[in-house]
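Student: coords please:
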Amino acid sequence: MASIFDDDYFITEIGVAHIFPDARRASDEGLMAYGGDLDPNRILKAYRSGIFPWFNSGDPILWWSPNPRLLLYPDEFKASKSLRRVIRNRGFEIKFDSDFRSVIDYCSRVPRRGQKGTWLTEEMKMSYMELYKMGFAHSVETYLNGELVGGFYGVAIGRAFFGESMFSLVSDASKVALKGLCDIFIERGYRFIDCQVPTDHLKSLGARLVDRDIFLDQLEEALDEPTDLGSWEGWSIELNGDYKR
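Tutor: Numbers count the residues shown, from 1 in each chain. Below you'll find the predicted structure:
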C-alpha cells in the first residue's frame, strides 16, 4: 500500500501488517493511500481508522477519508408524510441478514441514476461476504409480498455502522429499510450511520455533513462500545417503530 503522505511511498505488502496513515492529516478530498489488498481484516482496520475503500474496476484499490463526512444520526432520520403513508399502507416487511448474498448482488447490478457501471467488483463482494461470515457485515432487507425488493448492506463495529451500498426494485424500498434500521439503532444506542460520500438522496433523509475531526472523535467513542457481532437474523422491527428481539 502506498501512502500519499510519504515521498518514498511506504509500501505494505499483501499479507503483512495493515497500516494506514492518520486520517486527520488527509486533504479535504480524502484520498489517503492506494494499493494493498481487500483482506477483511484490512477493511476492518480501515473502518476503525475512519477510512474506506472506493475505486472503479481496473483501478488500484483507493482508500479515502473525505472532509467533511456524511453521517446519519439515527434519531435525525426524516420520514416524509408520503413515506409514512407508504410504511402504513404498502405492506413492506423488514428483515436482517436473511439474504446477504442477494443484497450484495443486487447492489452490484441495479443501475443508479447518474452512475455508469459499478465500483462493487467481484473481489470487493467476496471480501464483504467474508466479513458477513465473520459477523461484522450485515444486510437490511425490504420485502413486499414475500419478495426481496430493496435494502442495503454495511459493517457494524462498536456502535458505529458503515453503510456501503443500497438498491431498490420498487419505489421507497431502500428508504423503508433505512427507517427500520434507524429505529433499531435508536434503541440499541448506535451513534451514527456513516454514509461516506454525500448524495442529495441521503441528505433528504436527514444525513448531514460533519467535520472530519468531529467524525473521528465520535468514531473513537463508538468503537469503545461493544460490537453486535454475529448474525442479526433474529432482529425484527415493526414499521411503526416498535423494536423486538
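Student: Could you pull up the residues touching the most centrally placed residue in the chain?
Tutor: Centre of the chain computed as the mean C-alpha position; nearest residue by C-alpha atoms, centre = their mean is G163, 1.1 Å away. By C-beta atoms under 8 Å, 6 or more residues apart in numbering, G163 lies in contact with 72, 152, 154, 193-196. Bear in mind the C-beta positions are built from the backbone N, C-alpha and C, glycine included.
Student: avg pLDDT for the helix or strand where it lies?
Tutor: Assigned by DSSP states H and E, G163 belongs to strand 160-168. Model confidence over strand 160-168 averages 96 on the pLDDT scale.
Student: continuing past it, what's the next helix or strand?
Tutor: Using DSSP H and E, the helix or strand that directly follows strand 160-168 along the chain is helix 173-188.
Student: surely L31 meets D59?
Tutor: No. The pair formed by L31 and D59 falls short of the contact definition of C-beta atoms under 8 Å, at 11.8 Å.
Student: Looking at those two, which one has more neighbours?
Tutor: Between L31 and D59, counted using other C-beta atoms under 10 Å, L31 has the larger neighbour count: 14 against 11.
Student: now the angle from the strand holding G163 to helix 173-188?
Tutor: Here the directions of strand 160-168 and helix 173-188 differ by 160 degrees (axes from the mean of the first three to the mean of the last three C-alpha atoms, to 10 degrees).
Student: Tell me the strands beside strand 160-168, with direction?
Tutor: Sheet pairing of strand 160-168 (DSSP bridges) gives strand 147-157 (antiparallel), strand 192-196 (parallel).
Student: packing partners for whichever strand or helix holds L219?
Tutor: Using DSSP H and E, L219 sits in helix 212-223. Judged by 3 or more C-beta pairs under 8 Å, 6 or more residues apart in numbering; DSSP states H and E, helix 212-223 is in contact with strand 69-72, strand 160-168, strand 192-196.
Student: Rebuild the ones you listed as a markdown table, extending it with distance to M129.
Tutor: Supplementary listing: these in a markdown table, determined by distance: least, C-beta to C-beta, whole Å:
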| stretch | distance to M129 |
| --- | --- |
| strand 69-72 | 25 |
| strand 160-168 | 12 |
| strand 192-196 | 20 |
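Student: which outside residues touch stretch 180-195?
Tutor: So stretch 180-195 is contacted by 52, 69-75, 77, 94, 140, 154, 159-163, 178, 202, 207, 215, 218, 221-222, 225, 228, 235, 237, 239, 241, 243 (C-beta under 8 Å, 6+ apart).
Student: Look up the closest residue to L209, ignoring the ones flanking it.
Tutor: Distances taken as C-beta to C-beta, 6 or more residues apart in numbering place P68 nearest to L209, at 4.0 Å, with adjacent residues excluded.
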